[in-house]
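Student: Here's my sequence, what's the structure:
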Amino acid sequence: MIKKLITTTAFFFACALCVFGESDTETARETGWEQLNDSIVAIQCTAGNIFFYGTGAIIQKDGLIITSTSVIPPGAVNIRVRLNDRRDFTAKAVMINEEKEFSVIDIDAEKLPALPLGDSDKIKTGESAYTYGNVLGSISADDRPVLSAGIISGMYSLSKENAYHLEQLTGKYKSAVIETTAAVNGGIDGGPLISQDGRIAGIVILSYSKTRRLGIAVPINIIKPLLKDLLTEEPPAAPKIPAPISFSHINDKFKDAIVSIKITYEEKPAQAAPPTLNKDDDGKPFSRESIAERAEYSVMPDALRTGVVIDPANNYILTSYKNIAGKIKDIKITFQTDKSKTEYAAKTIGWYQDLDLALLKAEAPAKDNIPNLSYKEASDVGQWAIIISVNPDPEALEPVMTSGIVSALNRLQNRKTFQLDADINYNNFGAPVFDIDGKFIGLAANFTHPLEWGLNSGIGLAVESPEILMLLADLKAGKKIEKIPVPFLGVQMARGAMDIKGVRVDTVISASAADTAGIKSGDIIIQFKSTPVTEWHDLANTIRDSKVGETVTFKVLRGDATIELKAVLGQR
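Tutor: Model prediction:
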């Protein structure tokens, strides 16, 4: 039902929390997850001979349950509810509101665990958030809801005038939404979006933005006024969930540096077609609908692009080269937090196409509220990586955010990049990546094909900030470079040579720097410049950090002898 919705990396738990004896039930619920677990229900019904299923949340101990109209639509009959203790109930609909896309049903029960309604006006971008529900029928099949952890990634309005490439699988809701990086998959619609204080911040619906492709929820404060006649009990206590991780301080500090970029083209750049894949993983041909969906996902929507101010005094803005590629007629930028939403003309100063970097200069007055960036290398796999980007709603004053970890270093040989599993989408390449301390560690880049963004497997890439810092002078000087000169030695490593310390040379490329220097097949490179070489990556990284035309000294083992050689590095 929501198979098209592709979500970010999130932490899934097949909630194995129901391990407490009856005497421990209250103690378990005080820990939070048990109360949350038992408050989530599976719902199914039929309407017009169509079967509907999804999630609901108990909001009153006497059996009042809130869900979405994608689960309980108008005309719903045969409404059934299953609790996590395997009890099944027949339910009746007491409210169905298509405009706000929520429904309320009631079952004949008492003393049920319930969740309190929160205050969605008080949540902040970057705070922890959770989705919890009947994912792919997990409650119906296994008596277990599925939990996913993420953050509040943004808030914006889906107005009728500007739907921001809204994809609506059901419903007609066009108003304020909360976006989250917590996973939203089939069957979780109608479930609660839980804020970091353990309260319901919103109800998950099936719409999403094509530029973001993240889950969204109707804010609970839009729904609460309509429930006042139904809520007859004191609100339940909020579950005590573990201390959350929050990145809201990163948003607060750097949101003024985020700009939206609007491009008017004379001629749009051609977009790469999706990879040719005729069959799925089971060897079955893709359906026509699946092929169309893949093609649609591969085409970048006309939307605002993200940039970050890297020199506030001179209004220099860094972004992705692909954001400004093509024959451009006009570039306008807007500062994300500018209440007046004034558009300023901007021009392209320089670019490094191979690194997906471009530098713009805005014709705008200097602003004293824009912070300077502090550059730092992403040095550890597993460290936090937080991306702040322009809000898809052009009227919004707050940016949006995705988060994850650095999942690999030194990706894409000869391009200084790192890999991260924070969601990369059409909205945020060209956006800054920060660590947990607010250090600028890179720029989200568009190196991978859009279809790969849906794999949810940590394949986003960012250009390292030290590399950006090194190239800034060239960019400001107006250099426009397609390919960066890459130093080249000219050797190939012997396969299977893992039992030695060093790099055993298999092939020396004719007329290369290595050939001129006198390297022979079978030599073992043990030192390059002043760096000891114990494996291929030591050699590759040292060559990468050198310059074309540089004279380098290195040592090789040839038989029992250690030989020192010199080479002038060529260009790949």
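Student: Give me the below-cutoff pLDDT ranges for the stretch 201-350 of the chain.
Tutor: Scanning the stretch 201-350 of the chain for pLDDT under 70 picks out the ranges 210-211, 267-302.
Student: Tell me where this protein has helices.
Tutor: 25-31, 33-38, 138-142, 220-223, 248-254, 288-298, 321-324, 450-453, 465-476, 513-517, 536-544 (DSSP state H).
Student: Flag every buried residue along stretch 337-356.
Tutor: Using 16 or more other CB atoms under 10 Å as the test for burial, stretch 337-356 gives 337-338, 343-344, 346, 348-352, 354-356. C-beta coordinates here come from the backbone N, C-alpha and C atoms, glycine included.
Student: Against Ala238, how distant is the residue nearest to Val556 when sequence neighbours are not counted?
Tutor: Distance criterion CB to CB, 6 or more residues apart in numbering; nearest residue to Val556, sequence neighbours excluded, is Asp523 at 4.2 Å. Distance, Asp523 to Ala238, by CB to CB, to the nearest Å: 67 Å.
Student: ok, now how distant is the residue most central in space within the chain from Arg87?
Tutor: Centroid-nearest residue in the chain, with CA atoms, centre = their mean: Asp423, separated by 1.4 Å. According to CB to CB, Asp423 and Arg87 sit 38 Å apart.
Student: Same question for Phe440.
Tutor: Distance from Phe440 to Arg87, by CB to CB: 53 Å.
Student: Of those two, give the one with the bigger neighbour count.
Tutor: Phe440 (22 against 12; other CB atoms under 10 Å).
Student: For that one, list each beta-bridge partner.
Tutor: Tyr375, Phe434 (DSSP bridges).
Student: dump the residue contacts of Ala237.
Tutor: Taking CB atoms under 8 Å, 6 or more residues apart in numbering, we find Ala237 in contact with Pro116.
Student: Number the residues from 170 up from this point.
Tutor: With the count now opening at 170, the last piece we talked about shows up as Ala406.
Student: any low-confidence regions in the chain?
Tutor: Scanning the chain for pLDDT under 70 picks out the ranges 170-200, 328-340, 379-380, 436-471, 580-584, 617-627, 664-668.
Student: That one - how does it break down into domains?
Tutor: 180-285+302-363+373-400, 421-438+468-650, 656-740 (automatic domain parsing).
Student: Pro540 contacts Asp425, correct?
Tutor: Yes: assessed by CB atoms under 8 Å, Pro540 is found in contact with Asp425 at 6.6 Å.
Student: neighbour-wise, which of these two wins?
Tutor: Asp425 (19 against 13).
Student: Distance check, that one against Ser509.
Tutor: Counting by CB to CB, the gap from Asp425 to Ser509 is 14 Å.
Student: do Ile235 as well
Tutor: Distance, Ile235 to Ser509, by CB to CB: 39 Å.
Student: who touches Phe603 in this structure?
Tutor: By CB under 8 Å, 6+ apart, the neighbours of Phe603 are Ile419, Phe423, Ala554, Ile555, Ile556, Ile557, Phe609, Ile610.
Student: what does Phe609 give?
Tutor: Leu542, Ser543, Tyr544, Lys545, Pro601, Val602, Phe603, Ser634.
Student: wouldn't Tyr521 be in contact with Met639 here?
Tutor: No: between Tyr521 and Met639 there is no contact under CB under 8 Å: 10.7 Å.
Student: and Ile226, how many neighbours?
Tutor: Residue 226: Ala, not Ile. 25.
Student: Bridged to it, which residues?
Tutor: Where Ala226 sits in a bridge, its partners, by DSSP bridges, are Ile209, Ile235.
Student: who touches it in this structure?
Tutor: Ser208, Ile209, Val210, Ile234, Ile235, Thr236, Leu284, Gly360, Pro361, Ile369, Ile372 are the contacts of Ala226 under CB under 8 Å, 6+ apart.
Student: let's go with 6 Å and repeat that
Tutor: Ala226 sits next to Ser208, Ile235, Leu284, Pro361 when contact means CB atoms under 6 Å, 6 or more residues apart in numbering.
Student: And the residues you listed, which of them are buried?
Tutor: Ser208, Ile235, Leu284, Pro361.
Student: Pick out the most distant pair among those residues.
Tutor: Spanning the widest gap among these are Ser208 and Ile235, at 10.7 Å by CB to CB.
Student: wait, doesn't Tyr521 sit right on Glu651?
Tutor: No: the pair Tyr521 and Glu651 does not pass the contact test of CB atoms under 6 Å, sitting 8.4 Å apart.
Student: Pull the number of nearby residues for Val655.
Tutor: Neighbour tally, Val655, other CB under 10 Å: 17.
Student: Kindly report the same for Lys652.
Tutor: 12.
Student: Now it: closest residue in space, sequence neighbours ignored.
Tutor: Asp523 (4.7 Å).
Student: My read is that the one you found contacts Ile653, right?
Tutor: Yes: shown here, Asp523 and Ile653 form a contact pair, counting by CB under 6 Å, at 5.1 Å.
Student: so what's Tyr485 up against?
Tutor: Taking CB under 6 Å, 6+ apart as the test, what Tyr485 contacts is Ile479, Lys530.
Student: ok, back up a step: JSON lines please, covering the domains of the chain and showing distance to Glu296.
Tutor: Shown next, in JSON lines, are the domains of the chain (distance: least, CB to CB, whole Å):
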{"stretch": "domain 180-285+302-363+373-400", "distance to Glu296": "5"}
{"stretch": "domain 421-438+468-650", "distance to Glu296": "10"}
{"stretch": "domain 656-740", "distance to Glu296": "38"}
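Student: of all those, which lies closest to Pro411?
Tutor: Taking these one by one with CB to CB, domain 180-285+302-363+373-400 is closest: 7.3 Å.
Student: Show me the beta-bridge partners of Pro701.
Tutor: Gln696.
Student: next one: Gly519
Tutor: Leu528.
Student: Measure how buried Gly551 is and give me the count.
Tutor: So Gly551, with other CB under 10 Å, has 8 neighbours.
Student: I'd like the distance between it and Gly629.
Tutor: 15 Å.
Student: repeat for Arg673
Tutor: 35 Å.
Student: out of those two, which sits in the busier spot?
Tutor: Taking neighbours as other CB under 10 Å, Arg673 and Gly629 compare with Gly629 leading, 30 against 21.
Student: The nearest residue to Ile369 once chain neighbours are set aside and Lys269, how far apart?
Tutor: Residue nearest to Ile369 in three dimensions, not counting chain neighbours: Pro361, with 4.4 Å by CB to CB, 6+ apart. With distances taken as CB to CB, Pro361 is found 15 Å from Lys269.
Student: about what we covered before: now the contacts of Phe609 as JSON lines including distance to Gly687?
Tutor: Converted to JSON lines, the contacts of Phe609 look like this (distance: CB to CB, whole Å):
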{"residue": "Leu542", "distance to Gly687": "46"}
{"residue": "Ser543", "distance to Gly687": "46"}
{"residue": "Tyr544", "distance to Gly687": "40"}
{"residue": "Lys545", "distance to Gly687": "41"}
{"residue": "Pro601", "distance to Gly687": "46"}
{"residue": "Val602", "distance to Gly687": "43"}
{"residue": "Phe603", "distance to Gly687": "47"}
{"residue": "Ser634", "distance to Gly687": "39"}
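Student: residues in contact with the residue nearest to Val725?
Tutor: Counted by CB under 6 Å, 6+ apart, Asp692 has contacts Val674, Val725, Arg727.
Student: just the buried members of the residues you listed?
Tutor: Val674, Val725.
Student: got the contacts of Asp692 as CSV, with distance to Arg741 columns?
Tutor: Below are the contacts of Asp692 laid out as CSV (distance: CB to CB, whole Å):
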residue, distance to Arg741
Val674, 18
Val725, 21
Arg727, 26
